[in-house]
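Enquirer: Provided below for reference: sequence and predicted model.
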Amino acid sequence: MSKVTLLVSFTSIRLAATVTVFQVGSSTHSGELVVSVVGELDLASTDEFLAEVNDAVGDEQNLKLDLSGVTFMDSTGLGALIKVRNRLVDRGGALSFVAVSAAVERVLTLTGMAETFGLEPEGQVDA
């Protein structure tokens, strides 16, 4: 019986976790409710987004969103924006944007929703 020697070499593997920050905050500017969003508006964050918006809006009819800090938005995020808009319109109110990021502008433009939200070219909003 012959002996077999097996040499095993282990290489150190480093795993780096990427932490995605998602923040929603509300404030009042000149008597108008503004909700600001930072991070990715997607399947993982839309429930939190909708809960925060519902808490902030309360009985208000109008809402301004600052989406300049949104780094990524998928169809779930778009659906959440449409849901908020429709809820406000149903009460006689309106949803408007203070600012949007390139990621948000891209999704709204590609889906044909830019005009619905009053979005002008290059992230500008209709005042």
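Expert: Happy to help now that I have it.

Enquirer: contacts for the helix-or-strand element of the chain with minimal mean pLDDT?
Expert: Counting by mean pLDDT, DSSP states H and E, the weakest-scoring helix or strand in the chain turns out to be strand 23-29, with a mean of 90. Outside of strand 23-29, the residues within contact range by Cβ atoms under 8 Å, 6 or more residues apart in numbering are 33-39, 48-49, 52-53, 56, 64, 69. No exception for glycine: its C-beta is placed from N, CA and C like everyone else's.

Enquirer: ranking by neighbours, what's the top pick from these?
Expert: Counting neighbours by other Cβ atoms under 10 Å, the top entry in these is V37, with 27 neighbours.

Enquirer: how far off centre is stretch 26-41?
Expert: 12 Å (Cα atoms, centre = their mean, to the nearest Å).

Enquirer: next SSE downstream of the longest helix along the chain?
Expert: For the chain, the helix that runs over the most residues, judged by DSSP state H, is helix 75-90. Later in the chain than helix 75-90, the nearest helix or strand by DSSP states H and E is strand 94-100.

Enquirer: by contact count, what packs against the helix or strand just after that following strand?
Expert: Later in the chain than strand 94-100, the nearest helix or strand by DSSP H and E is helix 102-110. Contact here means 3 or more Cβ pairs under 8 Å, 6 or more residues apart in numbering; DSSP states H and E; on that basis helix 102-110 packs against strand 62-73, helix 75-90.

Enquirer: so what secondary structure elements neighbour the last one?
Expert: Helices and strands touching helix 75-90, by 3+ Cβ pairs under 8 Å, 6+ apart, are strand 32-41, helix 46-57, strand 62-73, strand 94-100, helix 102-110.

Enquirer: same thing with the first one?
Expert: Contacts defined by 3+ Cβ pairs under 8 Å, 6+ apart place strand 62-73 against strand 32-41, helix 46-57, helix 75-90, strand 94-100, helix 102-110.
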